[in-house]
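Q: I'll drop the sequence and a predicted model, then ask my questions.
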Amino acid sequence: MENQLRLGIVGVGNIFRSSHIQPLQAHPEVEIVAVCDINQERAESVAAEFGIPSAYADYRELLERDDIDVIDICTSNYFHSEVAIAALKAGKHVFCEKPDAINPEEAQKMADAAKASGKVLMTMRNNRFTPASSYLKRYIDEGHMGEIYTGRCGWVRRRGIPGKGGWFTTKELSGGGSLIDLGVHFIDLAVWLMGNPKPVAVTGATYTKFANNEISNSIHSRFGEKKEGGTFDVEDLAIGFIRFENGASLQIEFSWASNILEDANFVELRGTKAGSNLRNGVLQLYSEAAGQLTNITPVLKKDAPPGHGEHLRHFIEVVQQRAEPINLPEHGVDMIKILSAIYTSAETGREVVL
C-alpha cells in the first residue's frame, strides 16, 4: 500500500498486549517493524510471538531508524514524556498511552515538541470512542441537553490495586495512584462531553488505606507487575471538585480499593433540558415531554470493545490526513494540570487556582 505506516512500539507490557497489538496488526495500513522494552528478553519474546522483525532494549536505537514513521508508547508513566519528546524530535508521529505525563511541565513539553515538529501527538482516550459515549456526545452537540452546568464522574473498585509494589504504586514512576491511573479516563470523558471548558480551580483530598490489604476481587489488579515488599507511596482513593471558566463544575471520585458494594465507573451530567447517566457502559437519559418526566435508554451496539482499537484507528486516520483529531495535546496539558492541582490541594488542604 502506498501510504503504509511503519510503526515501532516502546513498552510491551500488559496494556500493549491487551489493547494495542491486535488492532494495530489488523490495520491494513500499519506494519509493526520493531518493538522495544527495557527488558531485552521480553522484547525479543514478544517480537517472536507476533512476528515482528526487530527488538531493542534502548528506545533511542529504535528512533535512529529512518524507516519508522510512528511510535506507540506503552511504558510506565514516568517515561511517556521522555520517549514522546525524543520521538517527535526524531520526526516520528506519536501515540501514547494515558496519562500524557506525570506533571504539567512535562505535558507542556510534549505539546510544544509536537507543535515544533509538525507531527501528530495523541494520547489514549479510549472512553471517548465507545458507542454510548459517541451517542451521548452527538446528543449533547445537537442541543438536547441544553446547558450542562454540573456533573460527577468516577471509577471505584472494591479491591482492585494494579501491580502492587511495582511501578503503578511507586510515585516516582507513576506520578500518583488511583487518580492519575483512573481519573484521566473519566475526567477526560466528562470534560469532553461538556465541551472542553477551561478548568480554573480545584479542591481535592487523597487517602491511602489499603496498602497492606492483600485481598483482590478485580481483573484490573492483574495489570502491572506485582513486587513483594515493593513500594506503595501513592493514594488508593481520591475525591475532588473542579470549577470551570464557564461556571460549570464537576465532582470526582476514583479508588483502587474501598468498602463499597461493587465496582463501577460513571459519568453523570446535568443539563437544563436533560440529564444523563453513563454507568458501566449503560447510558440513560432523563428529561420531560408532553407534561411528564421521561427516562430514555438508547438502543446501542452491545458487547462493544472498550475503545482502544477505535482510538488507534482514529489516530491513523489523522496521520494519513483523512480526519481531524478528536483530542489535542492541549487537552492533555489541561488534564495533567487538573490532576496535579488535586494532589496539591490534598497536600495543602486548600483550593488550587489554575
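A: Now that the structure is in, tell me what you want to look at.
Q: any idea what the residue nearest to the spatial centre of the chain is structurally, helix, strand or coil?
A: Central residue of the chain (CA atoms, centre = their mean): residue 98, 3.8 Å from the mean position. Secondary structure, DSSP: H, G, I helix; E, B strand; the rest coil: residue 98 is coil.
Q: Verify the stated contact: it with residue 122.
A: No - using CB atoms under 8 Å, residue 98 is not in contact with residue 122; the gap is 10.7 Å. For every residue, glycine as well, the C-beta is placed using N, CA and C.
Q: what comes up buried for the host helix or strand of residue 43?
A: Assigned by DSSP states H and E, residue 43 belongs to helix 40-50. Within helix 40-50, the residues that count as buried by 16 or more other CB atoms under 10 Å are 42-44, 46-47, 50.
Q: pull the longest helix from this protein.
A: helix 329-348 (DSSP state H).
Q: Give the buried residues for that helix.
A: 329, 331-343, 345-346.
Q: Averaged pLDDT, it. What do you get?
A: Averaging pLDDT along helix 329-348 gives 97.
Q: which strands and helices sit next to it?
A: In terms of contacts (3 or more CB pairs under 8 Å, 6 or more residues apart in numbering; DSSP states H and E), helix 329-348 is packed against helix 104-117, strand 121-123, helix 184-193, strand 199-207, strand 237-244, strand 352-353.
Q: Now do it: distance to the chain's middle.
A: In this view, helix 329-348 has its centroid 14 Å away from the chain centroid, taken as CA atoms, centre = their mean, to the nearest Å.
Q: could I have it exported to CSV, CA atoms only?
A: Backbone C-alpha positions of helix 329-348 (Å, rounded to 0.1, in the frame of the first residue of the first chain) are rendered in CSV as follows:
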residue,chain,number,x,y,z
PRO,A,329,-2.1,17.9,23.1
GLU,A,330,-3.6,21.0,24.9
HIS,A,331,-6.4,18.8,26.2
GLY,A,332,-3.7,16.6,27.8
VAL,A,333,-2.0,19.6,29.3
ASP,A,334,-5.2,20.7,31.0
MET,A,335,-5.8,17.2,32.2
ILE,A,336,-2.5,16.9,33.9
LYS,A,337,-2.9,20.4,35.4
ILE,A,338,-6.2,19.2,37.0
LEU,A,339,-4.6,16.0,38.4
SER,A,340,-1.6,17.9,39.7
ALA,A,341,-3.8,20.5,41.3
ILE,A,342,-5.9,17.9,43.1
TYR,A,343,-2.7,16.4,44.6
THR,A,344,-1.5,19.8,45.7
SER,A,345,-4.9,20.6,47.2
ALA,A,346,-4.9,17.3,49.1
GLU,A,347,-1.4,18.1,50.5
THR,A,348,-2.2,21.7,51.5
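Q: Between strand 199-207 and that helix, find me the angle.
A: For helix 329-348 against strand 199-207, the angle by axes from the mean of the first three to the mean of the last three CA atoms, to 10 degrees is 50 degrees.
Q: and the angle from helix 329-348 to strand 237-244?
A: Between the axes of helix 329-348 and strand 237-244, defined by the same axes, to 10 degrees, the angle is 120 degrees.
Q: tilt between helix 329-348 and helix 184-193?
A: Orientation note: helix 329-348 sits at an angle of 120 degrees relative to helix 184-193 (the same axes, to 10 degrees).
Q: does residue 65 sit in a helix, a strand or a coil?
A: Of the three states, residue 65 takes coil according to three-state DSSP.
Q: Dihedrals phi and psi, residue 25?
A: Residue 25 adopts backbone torsions of phi -70, psi -30, taken as degrees, to the nearest 10.
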